[in-house]
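Student: Provided below are the primary sequence and the corresponding predicted coordinates.
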Amino acid sequence: MVLQKRSLSLALIVALLCLAACSAKEGASVKTPGARGKAVKLEGKEKEDPYLQFIKASLFSLNEESKRSNAELKKLIEEEPEIGYHRFLLAQNYAIEGLLPQAISSCIEALELDPRLTEARLFLGKLYLARDMYPEAIRELNAVIRVEPKNEEAYLQLCRAYLAEKEFSRAIGAMRGLIRVNPDSSIAYYYMGSIYYQHLKQPERALAAFRSALEIDPNNITVHHAVAEIYLAEKQLPKALNKYEEVARIEPEDVSTQLRIALIYYEMKRHREAIEVFERILARNPDADKIVFYLGTLHESVKQDESALDRFAQVPPNSTYYRDARVHMAQILRDQERGDEAVMAIREAAAAKPKVPEFHELLAALLEEQGDLAGAAAALEHGRKEIPKNERLTFMQGIVYERLEQREPALAAMREVLRINPQNASALNYIGYSYAERGENLEEALEYVQRALLIRPDDGYIADSLGWVYFKMGDSESAMKYLTMANRLVPGEPTVLYHIGEVLLGMGKRAEALGFFRRSLELGEKKKSRDEKEIEKVRQRIEDLEGDLQRP
């Protein structure tokens, strides 16, 4: 028996199997097309007809029972080793199982037996592609095209192989070859457009190719999206909007298109139109937390604060947008001077999602803003229990302890920061400056601040700390070097100006020192976050020095 290629539908295979099964049940004899005209009795475990084995192998393969299919195919190969198509089917099963080397070998054997098996050669080309064997894939796919010059799949796979080899002009050439034999191949124009845009960065050529694709297939959503994405990337928002609106007319229920339209409206500052589109999307998708969040931000943009708060409050704790929604809520409430409600909103968030560090940080900041430093410290302590070894929470706790004038807990928190991250320049600087302020552990203070400056060499505040350490150590020359550097990096910083004044005063340059003190006071009084104690200290220094200068 010689079996030629058989492309059987699932329905035909099932029908044939049912016929065979019924005949077996009735003890009848049937003649099958591939049985060399002999009647085959289908009883018990007698030898099966090869064609029936072929049908069973095909059915098992369709049902993804590749192992059973393989068993039937191997029987066929043993009985009729000259038929290449069986080996091709076996190759397909091997591919399903992920056994690509075996699939390739089986395909090669099939083609050696029957070089005219074009579908086996096409499949071999795909297998080579899957194995990143691009020259081999190109060879086989070109061979398919020579035999079947209108085989669209072969051209497309050849294009992919050339792309993998970064031979972009040849990839385009493959698509032009497909267009020559099939001028109505919209997919060829689509591939060309994608190559021009993604690989060759030629948007105008890409758009021309996409337009050709749309002339053939005006309702091709994929191509319309590709055109719109180019307009978006090129910042041609009106054109992108027009294109997406065209897509929306073709597929009015497509949510992703409506979403893009709304986002373009947002980018174009057409917020009210964006809100209308988002509201329509939400009406069809009431559980879409992403849309709820976007609506909140849009209402916030047009100063519809109550609507924004309502939307943000609707974002559930299991949403990826929950954190940002709650942060936005707190900001709106804070700006409206509704601090207690802001605190409540973030307390609820921290209780619902205790592993989100930003909630504990924001809660502490809001409480501190209300003057509740003890509450801020407690919030951070709770956060550290929920998220141990969190660097930011620990650092913030140290700062709050400092403002509570609890020096030792503050230093302990900063040392804990350094245990978490020895390269935290802010913690190094804090410890060093703290020691310098009190004139203690100055050698250790110098080491801490020097390490901090190595990590952040352009940080003017760290340079100021190093200058202050040197001043406390009695090295006015080094102190002035680093304080001058700090003044250059953070010009007009009141603390730096005050420190320079102190060094100048120590050097006996009282008139120059007074000028720096006065400038420090002037700028310090203008700062929103000014420290009244520090300002009073500078003011007293000026009064004392002016008195000294007036004495004969």
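Tutor: It's in.

Student: hey, let's count contacts and neighbours off CA atoms from now on
Tutor: Fine.

Student: run through the protein and note the low-pLDDT ranges.
Tutor: Applying pLDDT under 70 to the chain flags the ranges 1-67, 529, 550-552.

Student: so where's the longest helix in it?
Tutor: Looking across the chain with DSSP state H, the single longest helix is helix 532-550.

Student: now do that helix: everything it contacts.
Tutor: For helix 532-550, the external contacting residues (CA atoms under 8 Å, 6 or more residues apart in numbering) are Tyr498, Arg510, Ala511, Leu514, Phe517, Arg518, Ser520, Leu521, Gly524, Glu525.

Student: quick one, which of the residues you listed are buried?
Tutor: Neighbour-count burial (16 or more other CA atoms under 10 Å) is assigned, among the contacts of helix 532-550, to Tyr498, Arg510, Leu514, Phe517, Arg518, Ser520, Leu521, Gly524.

Student: which residues touch the second one?
Tutor: Same thing as Arg510. Leu504, Leu545, Leu549.

Student: what's the neighbour count on the first one?
Tutor: Each residue near Leu504 was counted by other CA atoms under 10 Å, and the total is 19.

Student: swap in the second one?
Tutor: Applying other CA under 10 Å, we find 16 residues neighbouring Leu545.

Student: now it: how far from Asn182?
Tutor: Between Leu545 and Asn182 the computed distance is 94 Å (CA to CA, to the nearest Å).

Student: tell me where this structure has strands.
Tutor: 29-30, 40-41 (DSSP state E).

Student: the nearest residue to Asp458 once chain neighbours are set aside and Leu523, how far apart?
Tutor: Of all residues not flanking Asp458 in the chain, Leu489 sits nearest, at 7.0 Å (CA to CA, 6 or more residues apart in numbering). The spacing between Leu489 and Leu523, counted by CA to CA, is 16 Å.

Student: could you do Ala479 as well?
Tutor: Counting by CA to CA, the separation of Ala479 from Leu523 is 22 Å.

Student: comparing the two, which residue is more hemmed in?
Tutor: Neighbours per residue (other CA under 10 Å) separate Ala479 from Leu523, with Ala479 holding more: 25 against 16.

Student: what sits against the more buried one?
Tutor: The contact partners of Ala479, by CA under 8 Å, 6+ apart, come to Leu466, Gly467, Trp468, Val469, Tyr470, Phe471, Val503.

Student: now for the residue nearest to Gln202 when sequence neighbours are not counted, how many residues are close by?
Tutor: In space, and not counting its chain neighbours, Gln202 is closest to Tyr196: 5.2 Å by CA to CA, 6+ apart. For Tyr196, the number of neighbouring residues by other CA under 10 Å comes to 22.

Student: and Tyr196, how far from Glu267?
Tutor: Per CA to CA, Tyr196 is found 27 Å from Glu267.

Student: reformat the buried ones among the contacts of helix 532-550 into CSV and put distance to Val255 next to each item.
Tutor: As requested, the buried ones among the contacts of helix 532-550 are exported to CSV (distance: CA to CA, whole Å):
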residue, distance to Val255
Tyr498, 61
Arg510, 73
Leu514, 68
Phe517, 63
Arg518, 63
Ser520, 58
Leu521, 59
Gly524, 54
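
Student: looking at those residues, which is nearest Ala213?
Tutor: Among these, Gly524 lies closest to Ala213 (CA to CA), at 66.5 Å.

Student: what segments of the stretch 301-450 of the chain are helices?
Tutor: Per DSSP state H, counting those that start in this stretch, the stretch 301-450 of the chain carries helices over the ranges 305-314, 322-335, 339-352, 357-369, 373-386, 391-403, 407-420, 425-438, 442-455.

Student: may I see the buried residues of the last one?
Tutor: This means helix 442-455. Neighbour-count burial for helix 442-455 flags Leu442, Ala445, Leu446, Tyr448, Val449, Gln450, Arg451, Ala452, Leu453 (criterion: 16+ other CA under 10 Å).

Student: out of the residues you listed, which two sit at the greatest distance?
Tutor: The farthest-apart pair in the buried residues of helix 442-455, when distances are taken by CA to CA, is Leu442 and Leu453, at 16.2 Å.

Student: that older thread, for Ile145, which of the helices of the stretch 301-450 of the chain is the nearest?
Tutor: Going by CA to CA, the one of those nearest Ile145 is helix 322-335, 54.7 Å.
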